[in-house]
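Enquirer: I'll drop the sequence and a predicted model, then ask my questions.
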Amino acid sequence: KDEKKDVQQKTSFTLRLVKFDESKKITLIKEIKNVVPGLNLVQAKKYVETLPQIVKEDIGQTEAEKLKEQITAAGGECVIE
């Protein structure tokens with residue numbers, strides 16, 4: 001029961017981009033540019049090419065899952081930690 005309580009208490013998550021489909025790289029770069037604040041296209045390209053990268057930290061589970069779906073649809077593979 002104690003382990004379940006620990007899991008339920010976790011309210012803050014980190015979304016990490018770990019790899020991507022090379023054939024969808026351009027689509028993913030555009031998506032990362034939209035999702036990560038302050039990145040221009042050149043920075044987003046470098047970001048995608050130097051994985052793993054943290055997409056967002058200290059976010060709720062719902063937001064993490066929504067972002068993961070967006071990035072997965074664009075060809076990225078993410079983990080929620």
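Expert: Cool, the structure landed.

Enquirer: quick one: residues contacting residue 12.
Expert: By C-beta atoms under 8 Å, 6 or more residues apart in numbering, residue 12 lies in contact with 57, 58, 59, 60. C-betas here are computed from N, CA, C, even on glycine.

Enquirer: out of those, which is most surrounded?
Expert: Taking other C-beta atoms under 10 Å as the neighbour criterion, residue 59 ranks highest of the contacts of residue 12 with 18 neighbours.

Enquirer: which residues pair with residue 78 across the strands?
Expert: Here residue 78 shows beta-bridge partners residue 17, assigned using DSSP bridges.

Enquirer: and it, how many neighbours?
Expert: Neighbours of residue 78 (other C-beta under 10 Å): 22.

Enquirer: residues contacting it?
Expert: 15, 16, 17, 18, 55, 67, 68, 71, 72.

Enquirer: elements contacting the helix or strand containing residue 48?
Expert: For residue 48, the host element (DSSP states H and E) is helix 41-49. Packing contacts for helix 41-49, counted by 3 or more C-beta pairs under 8 Å, 6 or more residues apart in numbering; DSSP states H and E, involve helix 25-35.

Enquirer: sorry, back to before: ok and the helix holding residue 48 relative to helix 25-35, angle-wise?
Expert: 110 degrees (axes from the mean of the first three to the mean of the last three C-alpha atoms, to 10 degrees).

Enquirer: biggest helix in the chain by residues?
Expert: In the chain, assigned by DSSP state H, the helix with the most residues is helix 61-73.
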